[in-house]
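Trainee: give me a 3D structure for the following:
(2 chains)
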Protein chains: 2
Amino acid sequence: MRLISEHHLDDGLLERRLTVGDVPAILWTAATSPVPAPLLLLGHPGGLDAMYPRLAGRARHYVTYGFAAAAVETPGAGDRPRSAAAERARADLRRALAAGEPVAEIVDRLVLPLVEAAVPEHQAALDALLTLPEIGGPVGTDGGVISVGIRLAAVEPRVRAAVLYAGSLIPAAIVDEARSVTVPVQMLLQWDDEWNDRGQALDVYDALGSREKTLHANLGGHTGVPEFELDAAARFFARHLT
Amino acid sequence: MRLISEHHLDDGLLERRLTVGDVPAILWTAATSPVPAPLLLLGHPGGLDAMYPRLAGRARHYVTYGFAAAAVETPGAGDRPRSAAAERARADLRRALAAGEPVAEIVDRLVLPLVEAAVPEHQAALDALLTLPEIGGPVGTDGGVISVGIRLAAVEPRVRAAVLYAGSLIPAAIVDEARSVTVPVQMLLQWDDEWNDRGQALDVYDALGSREKTLHANLGGHTGVPEFELDAAARFFARHLT
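Mentor: Now for the predicted structure:
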């Protein structure tokens, strides 16, 4: 892990730009914290700089609740090398969705390699971040690509709670993996999501193996998650990580 | 409104047994409150005495959040005169559900008269309770028979927020009324509810006309609503009533 830059923001927030191996990441912590903080991995579609305002807002919120928060760059996004196969799959997906054609094979081609690449990178980031004295674990995952969130919750024992953003463009193999998730899950579903099928998203909730799983559905489109859900997520993590 | 008894409970909670007309009710308030409190109507299936431990627990919780809470006896329940037609409909419903027969006509016979009787009684209770200086309105409704909750939210302008417990044994006319509800709604759904059809319950959520409506689904059977939902409900009411 290499420190690239360090900024003291207002409200006693410390922001560090890092790389873990070749992977850029941002870490937000309280500038002074009396006890090691549990860590939340903030998911996102990719592109740390483009997503920065929203990520920093979520991080700031979670730090006030006593957490540390980190975002790790997605494979093939931001300044990272592009994958020609992923770009092709993305174009194919757009075309198939617009034409109303089946997408399962394309979703597999797009999402499975992303999961295979992203999950070990997140685990390496955990290895590095958890060496910092101000971070104590356990770990929660918050949103981002749901297939990555499901795989992390299924295979990474340091992850003890997961907030998932519901979707339907999920490989069948990952829906199967959801059955082996046992940590508490809170899933957010946008009722009128223009990019995802509601019934299939409800099937993913149904598939999750967790004994405690809560679905929060709200009216509105894909990007319309209400402000108050951030508060609900912080309370969920506080229940399970502190 | 007639005061029957008054008890100071621990934690500065004042419990009053009342009648409004012929209808028994219980009111819980803080023993001393600096400002008039918004009022929550606590719904229940009927039988104030049988339901007392759970109602008092909910009331205690809400009072700590700065609310007053009241429960009004259901028509035909507790010490109130029984309705022969309702008893017959209830027996018919049990039989039809056990036999897997259609229930829509029986649900109409059972629920519509209950709504017709209960809603004006709740409105009369509001008229009386809102004269007390320690209660200031606005009003929220919390759970109970969902058809009563929907009608109250649709017709009573003092009701400004509603927590509904999802169900499917709802007259079609009441599902239609749900379209005219505009106040914020939080709906609780038990994913494995043994008495209600999940798809129909989701259709009721879909029908609600409110611009802000949130569905909280949790794993488990009809009576298994997790403890933390009481906290989520209090925060929902605090957002909209205070």
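
Trainee: ok, residue A:182 to residue B:239 distance?
Mentor: In this view, residue A:182 and residue B:239 are 32 Å apart by Cβ to Cβ, to the nearest Å. Placement of C-beta: from N, CA and C, glycine included.

Trainee: equivalent analysis for residue A:141, please.
Mentor: Relative to residue B:239, and taking Cβ to Cβ, residue A:141 is found at 26 Å.

Trainee: and those two? which has more neighbours close in?
Mentor: Neighbour count, other Cβ atoms under 10 Å in any protein chain shown: between residue A:141 and residue B:239, residue A:141 has more, with 26 against 14.

Trainee: and stretch A:208-223, end to end?
Mentor: 23 Å (Cα to Cα, to the nearest Å).

Trainee: so for that stretch, mean pLDDT?
Mentor: Averaging pLDDT along stretch A:208-223 gives 96.

Trainee: same thing with stretch A:122-142?
Mentor: Here the average pLDDT along stretch A:122-142 is 96.

Trainee: next, see if that stretch gets close to chain B.
Mentor: No - Stretch A:122-142 stays out of contact with chain B when judged by Cβ under 8 Å from any Cβ of the partner chain, the minimum separation being 15.8 Å.

Trainee: which residues of chain A lie near chain B?
Mentor: With the criterion set to Cβ under 8 Å from any Cβ, chain A comes near chain B through A:189, A:191, A:202, A:205-206, A:210-219, A:226, A:228, A:231-232, A:235, A:239.

Trainee: what are the ranges of the strands in chain A?
Mentor: In chain A, the segments counted as strands under DSSP state E are A:2-9, A:13-20, A:23-30, A:37-43, A:68-72, A:135-143, A:159-165, A:185-190, A:213-218.

Trainee: confidence score at the residue of chain A most remote from its centre?
Mentor: Most distant from the centre of chain A: residue A:99, at 29.3 Å, with distances by Cα atoms, centre = their mean. Looking at residue A:99, its pLDDT is 95.

Trainee: residues touching it, list them.
Mentor: Residues counted as contacts of residue A:99 (Cβ atoms under 8 Å, 6 or more residues apart in numbering or on different chains): none.

Trainee: could you do the one 5 residues further on as well?
Mentor: With contacts defined as Cβ under 8 Å, 6+ apart, the neighbours of residue A:104 are A:171-172.

Trainee: the spatially most central residue of chain A pairs with what?
Mentor: The geometric centre of chain A, computed from its C-alpha atoms, lies nearest to residue A:43 (Cα atoms, centre = their mean), at 2.4 Å. Beta-bridge pairing for residue A:43 (DSSP bridges): residue A:143.

Trainee: just the buried residues of the helix ranked longest in chain A, please?
Mentor: Counting residues, the longest helix found in chain A (DSSP state H) is helix A:104-129. Residues of helix A:104-129 classed as buried: A:106-115, A:117-119, A:121-122, A:124-126, A:128-129 (neighbour count, 16 or more other Cβ atoms under 10 Å in any protein chain shown).

Trainee: tell me the spacing between residue A:20 and chain B.
Mentor: 34 Å (Cβ to the nearest Cβ, to the nearest Å).

Trainee: just the buried residues of the residues of chain A next to chain B.
Mentor: A:189, A:191, A:202, A:205-206, A:210, A:212-219, A:226, A:228, A:232, A:235.

Trainee: contacting residues around residue A:1?
Mentor: Residue A:1 sits in contact with A:18-20, A:128-129, A:131, where contact means Cβ under 8 Å, 6+ apart.

Trainee: what's the farthest-apart pair in the residues you listed?
Mentor: For the contacts of residue A:1, with distances taken as Cβ to Cβ, the pair at the greatest spread is A:19 and A:131 (14.9 Å).

Trainee: quick one, which of these two is more surrounded?
Mentor: A direct count of neighbours by other Cβ under 10 Å for residue A:19 and residue A:131 places residue A:19 higher, at 15 against 9.

Trainee: got the contact list for the more buried one?
Mentor: A:1-2, A:4, A:25.

Trainee: rewinding a little: reformat the strands of chain A into a markdown table and put distance to residue A:92 next to each item.
Mentor: Below are the strands of chain A laid out as a markdown table (distance: least, Cβ to Cβ, whole Å):
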| stretch | distance to residue A:92 |
| --- | --- |
| strand A:2-9 | 35 |
| strand A:13-20 | 31 |
| strand A:23-30 | 27 |
| strand A:37-43 | 24 |
| strand A:68-72 | 26 |
| strand A:135-143 | 25 |
| strand A:159-165 | 23 |
| strand A:185-190 | 25 |
| strand A:213-218 | 30 |
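
Trainee: need the pLDDT of the nearest residue to residue A:28 once chain neighbours are set aside.
Mentor: In space, and not counting its chain neighbours, residue A:28 is closest to residue A:59: 3.8 Å by Cβ to Cβ, 6 or more residues apart in numbering or on different chains. Residue A:59 carries a pLDDT value of 97.

Trainee: contact partners for residue A:204?
Mentor: A:146, A:166-168, A:170, A:175, A:178, A:187 are the contacts of residue A:204 under Cβ under 8 Å, 6+ apart.

Trainee: picking that back up, and of the contacts of residue A:1, the nearest to residue A:51?
Mentor: residue A:18 (16.2 Å).

Trainee: and the closest one, how far from chain B?
Mentor: For residue A:18 relative to chain B (Cβ to the nearest Cβ), the value is 34 Å.

Trainee: list the beta-bridge partners for that residue.
Mentor: residue A:3, residue A:25.

Trainee: show the contacting residues for it.
Mentor: With Cβ under 8 Å, 6+ apart, residue A:18 has these contacts: A:1-4, A:24-27, A:128.

Trainee: please repeat the previous calculation with a cut-off of 10 Å.
Mentor: A:1-6, A:24-27, A:70, A:72, A:125, A:128-129 (Cβ atoms under 10 Å, 6 or more residues apart in numbering or on different chains).

Trainee: if we can go back for a sec, what's near enough to touch the residue nearest to the centre of chain A?
Mentor: Residue A:43 neighbours (Cβ under 10 Å, 6+ apart): A:51, A:55, A:58, A:71-72, A:74, A:118, A:122, A:141-146, A:148-149, A:152, A:162-165.

Trainee: mind redoing it with 7 Å?
Mentor: For residue A:43, the contact set (Cβ atoms under 7 Å, 6 or more residues apart in numbering or on different chains) comprises A:141-145, A:148-149.

Trainee: which of these has the most neighbours?
Mentor: residue A:149 (29 neighbours).

Trainee: low pLDDT regions in chain A?
Mentor: For chain A, no stretch is flagged by pLDDT under 70.

Trainee: not counting sequence-adjacent ones, nearest residue to residue A:86?
Mentor: residue A:76 (5.3 Å).

Trainee: tally of neighbours for the nearest residue to residue A:177 once chain neighbours are set aside?
Mentor: Once flanking residues are discounted, residue A:177 sits nearest to residue A:154: 4.9 Å by Cβ to Cβ, 6+ apart. Neighbour count of residue A:154, defined by other Cβ under 10 Å: 21.

Trainee: ok, residue A:154 touching residue A:182?
Mentor: No - here residue A:154 lies out of contact with residue A:182, judged by Cβ atoms under 7 Å, at a distance of 8.6 Å.
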